[in-house]
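>>> Requesting a structural model of the entry that follows:
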Amino acid sequence: MLFFFIITFWVAVYYFFDLSWLKIPWTPLALIGTAVAFVIGFQNNAAYGRIWEARKIWGGIVNTSRTFGVFVQDMVNNEYAKPAMSKDDLKKEIKVLTYRHIAWMNALRHAMRAPKPWETTMSHKTNQEWNMRPPELDSDLDTDLKPYISDSDYEYVMSKGNKQTAMLYLQSHHLRTLKETGVIWEFSFLELEGVIQELFTLQGKSERIKNFPYPRHFATLNHFFMWIFVLLLPFALVPQFASIGNEVTVNSPLVGDLFIWLAIPFYVIVAWIFHTMERIGRTGENPFEGTANDVPISTISRGIEIDLRQNLGESEDGIPKQFEIKHNTQF
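Residues are numbered from 1 along each chain as shown. Down below sits the predicted model:
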């Protein structure tokens, strides 16, 4: 709508006040448009690369979480335990480890949803017109952690700056305790520690994307370059249509006189394309902030939780449902 008003204003001024001198040649404008197109293309490629890398990271979290779940169930046993644990105690230890892993995912997704000043939901109010909110904005970390960890674990985790890292520390300490009592064989302990190491790696990669924005000198200047091109475009487009109209006037006076007004739809199309391509790159820079095109880490986390708890043998009534899809969008 803004582009429509911009071009309508210039066409009206040019038509009613006969400002035939108010024009710029196409050559410099074409050079600006070419440069803007190159920069927008570079930004979109970089944004897509960040989104794809983020999706691969969280795909790795899915696979590693499933590996952790099956390792815990098969490696926590009485084969080398002295003294041997009861079956109920073994199940309790398996549940504690599994639930703590679910708490780790909840802590990580909350950390990934924490707003940053450079993100579009903060600076450009993206998604707010549709009231599309990721689940993390409708619940707090306390609510999503307390059901899965003990009070002592909760106090320890909440006293740390990086909650998800603290959770993995607790997992490692717990595994070491089980190894010392023989509930976990030494070789199994090393395997499980390898899984913890992989979780640290995936967490660090996810945090790197979250905490390191697309370079501001590319993102900000590209936004300004696009608007410079869009605002200068009428100075070349409107005179061009006026010139064509003068040629048409020879055979069709009425059509030729009104031909200049056809600049409006053509300008709107060109400006909309450039603006949309720039906005696609801008909203794709931060794949965790919770916009419609971001990686659905909330859905991924809840899916892992459902898998792990189903394989613990819990009833469907006690397992939370998958997050609701809103406006055909997963979060």
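>>> How far does the longest helix along the chain sit from its chain's centre?
Among the segments of the chain that qualify as a helix by DSSP state H, the longest is helix 26-75. Taking the mean of its C-alpha atoms, helix 26-75 sits 9 Å from the chain's own mean (CA atoms, centre = their mean, to the nearest Å).
>>> And stretch 236-249, by the same measure?
With CA atoms, centre = their mean, you get 45 Å for stretch 236-249.
>>> How about residues contacting that stretch?
If you take CB atoms under 8 Å, 6 or more residues apart in numbering as the criterion, stretch 236-249 is touched by 7, 10-11, 14-15, 20, 22-26, 29, 255-260, 262-263, 266-267, 270. To be clear about C-beta, it is placed using only N, CA and C from the backbone, and glycine gets the same treatment.
>>> Buried subset of those residues, written for ChimeraX?
Buried members of the contacts of stretch 236-249, defined by 16 or more other CB atoms under 10 Å, are picked up in ChimeraX with:
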select :7,10,11,14,15,23,29,256,259,260,263,267,270
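>>> Inside helices: which ones of the contacts of stretch 236-249?
Those of these lying in helices (DSSP H): 7, 10-11, 14-15, 26, 29, 255-258, 263, 266-267, 270.
>>> from the residues you listed, which is closest to N77?
Closest to N77 out of the ones in helices among the contacts of stretch 236-249 is V270 (67.8 Å), distances taken as CB to CB.
>>> Could you pull up the contacting residues of that closest one?
Neighbouring residues of V270 by CB under 8 Å, 6+ apart: 233, 237.
>>> change it to 10 Å
V270 is in contact with 3, 7, 33, 229-230, 233, 237, counting by CB atoms under 10 Å, 6 or more residues apart in numbering.
>>> can you check T64 too?
Residues counted as contacts of T64 (CB under 10 Å, 6+ apart) are 101, 194-199, 201-202, 304.
>>> same thing with F288?
Counting by CB under 10 Å, 6+ apart, the residues that F288 touches are 50-51, 54, 57-58, 108-109, 111-114, 116, 119, 134, 206-207, 209-210, 294-295, 297.
>>> what about E155, neighbour count?
10 (other CB atoms under 10 Å).
>>> wait, W118
15.
>>> Could you list the buried residues of stretch 192-209?
So stretch 192-209, judged by 16+ other CB under 10 Å, has buried residues 192, 195-196, 198-199, 202-203, 205-207, 209.
>>> now, which of the residues you listed sits nearest K163?
Using CB to CB, the buried residues of stretch 192-209 come closest to K163 at Q203, 11.0 Å.
>>> sec struct for that closest one, please.
With DSSP: H, G, I helix; E, B strand; the rest coil as the basis, Q203 sits in helix.
>>> Surely it and R109 touch.
No - using CB atoms under 10 Å, Q203 is not in contact with R109; the gap is 11.1 Å.
>>> shared neighbours of those two, anything?
Between them, Q203 and R109 share the contacting residues 61, 164, judged by CB under 10 Å, 6+ apart.
>>> pLDDT wise, what is I273 at?
Per-residue pLDDT puts I273 at 91.
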